[in-house]
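Undergrad: Sharing a model prediction with you, sequence too.
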Amino acid sequence: MAMKKLRSIFTLAFIIFVSVTEASRCSITGIPLVRNISELPQDSYGRPGLSHITVAGAALHGMKEIEVWLQTFAPGSHTPIHRHSCEEVFVVLKGSGTAYLASDSVHRYPGKPQELHIFSNSTFRIPVNDAHQIWNTNEHEDLQLLVVISRPPAKIFIYEDWFMPHTAARLKYPYYWDEECLLEESIKDEL
Ligand SMILES: *[C@@H]1O[C@H](CO)[C@@H](O)[C@H](O)[C@H]1NC(C)=O
Ligand SMILES: *[C@@H]1O[C@H](CO)[C@@H](O)[C@H](O)[C@H]1NC(C)=O
């Protein structure tokens, strides 16, 4: 009997713990102005080799004009080939790799991309709607990027390859990294 009681107390404590940590992860109220990046939640979002941290996000922090991410790609990992109608700026903090960029808009598909070598302390921007892909092509080191995009949430078109017609690209909209926070918001709204 006592055992059963103890177990239910533990279960309750666990539920409270989970809901408190979840609330602090998604809540915009009470976040300190200065935060330690090492203590921010990170997730791979199901993508092998990726570590994503939302430094400032639409779903997470109610950002309206920009979003800022810190992303680390393990050797050999990469983004999908994609394009979006927002502006995007990268700062390479660590490592090196390749940015593939198809700027040619005369075709019905992205076409063969330029290969741009990116390296620690370099910066680059992706023109609006140009298909691109970031690869950590350095097999010895992680590639760490600070990424800024405009007007979240992004409207993303994903390509299987560089010769897939624009019309066949898979639309993902709205693209949120922290979807569970939106879910939590809508649950709160219902209460
Ligand atoms: C930031 O967090 C990391 C990991 O918890 C810790 O090692 C580091 O000391 C923190 N930095 C400061 C300035 O508190
Ligand atoms: C990056 O570039 C800036 C501007 O030249 C320089 O001050 C800084 O030391 C560089 N950082 C690294 C890690 O090379």
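TA: Yep, that arrived. Ligands and ions are numbered 1, 2, ... in the order given.
Undergrad: residues touching the closest residue to residue 163 other than its chain neighbours, list them.
TA: The shortest distance from residue 163 to any residue other than its chain neighbours is 5.0 Å, reached at residue 109 (Cβ to Cβ, 6 or more residues apart in numbering). Bear in mind the C-beta positions are built from the backbone N, C-alpha and C, glycine included. Shown in contact with residue 109 (Cβ atoms under 8 Å, 6 or more residues apart in numbering): 162, 163, 164, 165, 166.
Undergrad: For residue 109, pull up the helix or strand it's in.
TA: Assigned by DSSP states H and E, residue 109 falls within no helix or strand.
Undergrad: and if you look at residue 90?
TA: Per DSSP H and E: strand 88-94 holds residue 90.
Undergrad: Downstream of that strand, the next helix or strand is which one?
TA: Strand 88-94 is succeeded, C-terminally, by strand 96-102 (DSSP H and E).
Undergrad: Quick one: list the elements packing against the helix or strand following that next one.
TA: Downstream of strand 96-102, the first helix or strand assigned by DSSP H and E is strand 114-119. Strand 114-119 is packed against strand 88-94, strand 96-102, with contacts defined by 3 or more Cβ pairs under 8 Å, 6 or more residues apart in numbering; DSSP states H and E.
Undergrad: Among the ones you listed, which comes closest to residue 51?
TA: strand 88-94 (12.0 Å; Cβ to Cβ).
Undergrad: Please identify the residues of the chain in proximity to ligand 1?
TA: Proximity of the chain to ligand 1 (Cβ under 6 Å from any ligand atom) is limited to residues 36, 38, 39.
Undergrad: Starting from ligand 1, give me the distance back to residue 26.
TA: Plainly put, residue 26 is 20 Å away from ligand 1 if you go by Cβ to the nearest ligand atom, to the nearest Å.
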